[in-house]
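Colleague: Quick one, what's the 3D model for this:
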Amino acid sequence: MSAGAHAERYALPAVLLHWLQAALVLWLLWLGWNMVELPKGAERSAAYALHKSFGLVALGLVLLRLAVRRLLPPPAPLAAGHEARLAAAAHRLLYALLLALPLAGYLASAFTPFAMKIFGVELPRLAAPDAAMNAFFKSVHLVAGWSLVALLALHIAAAARHALRRDGTLARMLPGRVSGN
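Modeller: Have a look, this model is predicted:
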């Protein structure tokens, strides 16, 4: 399938992965926000385990999205000038945060005395427990999380603006009839 087959819309795999990632990330942000308030115990441990497991799924998903983006390049921007440059910068930053956030969370967990598990399966230990490194990566995870929240708000506001303007930008990423598929 050539990139030209999708000159006006994103390819169906890109659309599906975008919305799957969006749902997963919003749920992970919600879970992360709520799990820290839980009292220590089985419910909190389960919430953290779920957050870590699906955080690694989110990391795999963004890597898959980047591979799909290389194989099926996005359509040319509809906007021009500073609006196109801002959109491109925002998308690069979104991808950077979608990579940094789960990596920092994983590394924070790697420096605790507790085993890192994904859906109950223990992963090999990367490093010895180190409180300073754990604190550093927790801070990176927190800053990346809040930065992602801010950038997602901007992304959603821009999508709403495009929808109100009916300029066709949003329609290119909505599920539905995709030419060439």
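
Colleague: Go through the chain and flag its longest helix.
Modeller: As assigned by DSSP state H, the longest helix anywhere in the chain is helix 131-165.

Colleague: Report all helices and strands that that helix contacts.
Modeller: helix 12-35, helix 81-110 (3 or more Cβ pairs under 8 Å, 6 or more residues apart in numbering; DSSP states H and E). Bear in mind the C-beta positions are built from the backbone N, C-alpha and C, glycine included.

Colleague: and it with helix 81-110, angle?
Modeller: Angle of helix 131-165 versus helix 81-110, following axes from the mean of the first three to the mean of the last three Cα atoms, to 10 degrees, is 150 degrees.

Colleague: Using TSV, lay out the helices and strands packed on helix 131-165 together with mean pLDDT, distance to Ala132 and mean neighbour count.
Modeller: Output for these, formatted as TSV (pLDDT from 0 to 100; distance: least, Cβ to Cβ, whole Å; neighbours: other Cβ atoms under 10 Å):
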stretch	mean pLDDT	distance to Ala132	mean neighbour count
helix 12-35	96	22	16
helix 81-110	94	11	17
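
Colleague: between these, which gets nearest to Leu71?
Modeller: Across those, the minimum distance to Leu71, taken as Cβ to Cβ, is reached by helix 12-35, at 8.5 Å.
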